[in-house]
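>>> Next one to model:
(one chain, ligands or ions: 1)
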Amino acid sequence: MSSPVIVLVGPMGVGKSTVGQLLADRLGVGYRDTDDDIVAGEGRSIADIFVDDGEPAFRAIEKRAVRTALGEHDGVLALGGGAVLDADTRALLAGQRVVYLSMDVEEAVRRTGLNTARPLLAVNPRKQWRELMEARRHLYEEVATAVVPTDGRTPEEVTEAALDALELKEA
Ligand code: S3P
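Take a look at the predicted model:
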């Protein structure tokens, strides 16, 4: 059993994949993303899973994917934006080094817009974002070791801030 050097959580479009890759490069470790694991394992897109089987089925698949990745991966691991909704997943994250990449609602709407690849944002993104953030903010905060705001920052700046927050920078 190994565990990731960093787990990234936060909403869709906050830059988990981009920052995760940069963090992995800086630390000389691998990068893994549970959304990619799900797509590879299921052989279909996230949107197709939502449309064909519904969100509860997706969450069950996601829960298994997160558990597997947490047990296997020793690099940087990014979780899908809704993974923290699951209480067992939150319990698994206790004791891990978890960075919550945060952004405010207006930034979220601007970055993601209407997004058919992200089924939760397919209609009325501003309203959906507000509801999503209200429902999830405290869950991200609950699992986080460090909170790194991304508003107005480049991915490189966010990466530096995350390394600083975790004190993972060489002196
Ligand atoms: C979701 C986030 C997505 C993906 C799915 C549901 C969510 O992942 O897992 O569309 O509920 O916030 P990203 O955060 O990687 O976009």
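>>> Show me the shaky parts of the chain.
Within the chain, the stretches with pLDDT under 70 are 1, 114-116, 169-171.
>>> Could you pull out the helices in it for me?
Applying DSSP state H to the chain gives helices spanning 16-27, 34-42, 46-53, 55-72, 87-93, 105-112, 125-143, 155-165.
>>> So for the longest one, what gets flagged as buried?
Residues of helix 125-143 classed as buried under the neighbour-count rule (16 or more other Cβ atoms under 10 Å) are 125, 128, 129, 132, 133, 136, 139, 140, 143. Bear in mind the C-beta positions are built from the backbone N, C-alpha and C, glycine included.
>>> which one of these is nearest residue 94?
Nearest to residue 94 among the buried residues of helix 125-143: residue 143, at 7.4 Å, using Cβ to Cβ.
>>> Contact partners for that closest one?
Contact partners of residue 143, counting by Cβ atoms under 8 Å, 6 or more residues apart in numbering, are 9, 84, 90, 93, 94, 98, 100.
>>> Quick check: strands, which of those residues are part of them?
Counting by DSSP state E, the contacts of residue 143 place 9, 98, 100 in strands.
>>> first to last residue in stretch 145-154, what's the distance?
21 Å (Cα to Cα, to the nearest Å).
>>> Could I get the ones in strands among the contacts of residue 143 in TSV, plus columns for distance to the ligand and neighbour count?
Below are these laid out as TSV (distance: Cβ to the nearest ligand atom, whole Å; neighbours: other Cβ atoms under 10 Å):
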residue	distance to the ligand	neighbour count
9	9	27
98	15	24
100	12	24
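>>> With distance to residue 61 added, can I get these in CSV?
Listed next are the ones in strands among the contacts of residue 143 as CSV, based on distance: Cβ to Cβ, whole Å:
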residue, distance to residue 61
9, 18
98, 21
100, 23
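>>> Near the ligand, which residues of this protein are found?
Residues of the chain lying near the ligand by Cβ under 6 Å from any ligand atom: 12, 16, 35, 46, 80, 81, 82, 118, 119, 120.
>>> Ramachandran angles for the fifth one?
What that stands for is residue 80. Dihedral angles of residue 80 (phi, psi; degrees, to the nearest 10) stand at phi -60, psi 150.
>>> Could you find the closest non-adjacent residue to it?
residue 35 (4.9 Å; Cβ to Cβ, 6 or more residues apart in numbering).
>>> Enumerate every residue touching the one you found.
Counting by Cβ under 8 Å, 6+ apart, residue 35 has contacts 46, 78, 80.
>>> Closest one of these to residue 64?
For these, the minimum distance to residue 64 (Cβ to Cβ) is 12.5 Å, reached by residue 80.
>>> tell me the contacts of residue 44?
Contacts for residue 44 were tallied using Cβ under 8 Å, 6+ apart; they are residue 52.
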